[in-house]
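**Student:** what shape does this take:
(one chain, ligands or ions: 1)
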Amino acid sequence: MHFFLDTADVDVIKKLAETGLVDGITTNPSLVMASGRRFDEALKEICTVIDGPVSAEVVAMDVDGMIKEGRHLAKIADNIVVKVPLTFEGLQACKTFRAEDIHVNVTLCFSAAQALLAAKAGATFISPFVGRLDDIAQDGMQLIEEIVQIYSAYDFETQILAASIRHPLHVTMAAKLGCDAATIPPKIFEQLIKHPLTDKGLDGFAKDWAKTGQTIIR
Ligand code: G3P
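**Tutor:** Numbering: from 1, shown residues only. Got it, this is the predicted structure:
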């Protein structure tokens with residue numbers, strides 16, 4: 001399972017990339033706003049730190065506008081994945097990009113029918129927003145389950161990228177369902193490693209080791 005960070009904050013990306021566990025990045029207009037950076041400059045920098053897919057979202061609503069913006073974004077680096085919304089215009093742009101060998105992440109997916117259309121349009125990634133479904137008392141993970149079932153029934157190559165992740169359990173549930181990837185906010189990425197029994201156990205080992213008076217390397 002691939003782990004992407006859901007952020008446009010270059011400093012945070014640099015810090016967490018040091019773990020060697022970050023496979024890619026996703027950004028969106030809200031995350032760019034939060035970063036306070038110029039989008040193109042932040043993207044260039046992110047692509048020097050991360051080799052894997054870096055999603056950059058178009059903001060035009062019409063097909064021609066999306067195609068122009070997407071082609072522009074794709075030129076920034078070889079690992080840019082153009083992100084388009086799940087609208088008929090977005091899917092038309094997706095087909096055009098795929099014919100040009102530009103990878104596409106189809107975003108704002110809230111139903112299995114939408115995911116099916118994105119796969120038919122040749123999307124590289126589909127981004128079902130599990131947290132936003134949970135927020136309105138619908139089951140985000142059930143959507144993932146349906147997409148996994150549909151994509152495997154037809155051998156679609158579109159990769160399922162669990163998005164709108166709100167807590168570590170979303171990540172492990174997505175993994176259990178066989179998601180190809182999850183895009184994780186930095187705070188939740190850091191929470192993934194935390195367990196109070198790990199901290200307690202480590203503390204106990206450190207104290208007992210100190211009592212031995214030994215050093216591992218003499
Ligand atoms: O990047 C898209 C998605 O992950 C957004 O998440 O938390 O704004 O619902 P959120």
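**Student:** switch to C-alpha atoms for all contacts and neighbour counts from now on
**Tutor:** OK.
**Student:** got the residues of the protein near the ligand?
**Tutor:** 6, 26-28, 131-132, 163-164 (C-alpha under 6 Å from any ligand atom).
**Student:** let's see it at 8 Å
**Tutor:** Residues of the chain found near the ligand (C-alpha under 8 Å from any ligand atom) are 6-7, 26-28, 30-31, 107-108, 127, 129-132, 162-166, 183-185.
**Student:** give me the ChimeraX select line for those residues, limited to the buried ones.
**Tutor:** With 16 or more other C-alpha atoms under 10 Å as the criterion, this ChimeraX line picks the buried residues out of these:
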select :6,7,26,27,28,31,107,108,127,129,130,131,132,162,163,164,165,166,183,184,185
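**Student:** what about dumping the CA coordinates of the longest helix along the chain to PDB?
**Tutor:** Among the segments of the chain that qualify as a helix by DSSP state H, the longest is helix 196-212. What follows is helix 196-212 as a C-alpha-only set of coordinates in PDB (Å, rounded to 0.1, in the frame of the first residue of the first chain):
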ATOM      1  CA  PRO A 196       1.100   3.900  24.500                       C
ATOM      2  CA  LEU A 197       2.400   0.400  25.200                       C
ATOM      3  CA  THR A 198       5.300   1.000  22.800                       C
ATOM      4  CA  ASP A 199       6.300   4.200  24.800                       C
ATOM      5  CA  LYS A 200       5.800   2.400  28.100                       C
ATOM      6  CA  GLY A 201       7.800  -0.700  27.000                       C
ATOM      7  CA  LEU A 202      10.600   1.500  25.700                       C
ATOM      8  CA  ASP A 203      10.800   3.400  28.900                       C
ATOM      9  CA  GLY A 204      11.000   0.200  30.900                       C
ATOM     10  CA  PHE A 205      13.800  -1.200  28.700                       C
ATOM     11  CA  ALA A 206      15.800   2.000  29.000                       C
ATOM     12  CA  LYS A 207      15.500   2.100  32.800                       C
ATOM     13  CA  ASP A 208      16.500  -1.600  33.200                       C
ATOM     14  CA  TRP A 209      19.400  -1.200  30.700                       C
ATOM     15  CA  ALA A 210      20.700   1.700  32.700                       C
ATOM     16  CA  LYS A 211      20.700  -0.500  35.800                       C
ATOM     17  CA  THR A 212      23.000  -3.000  34.000                       C
END
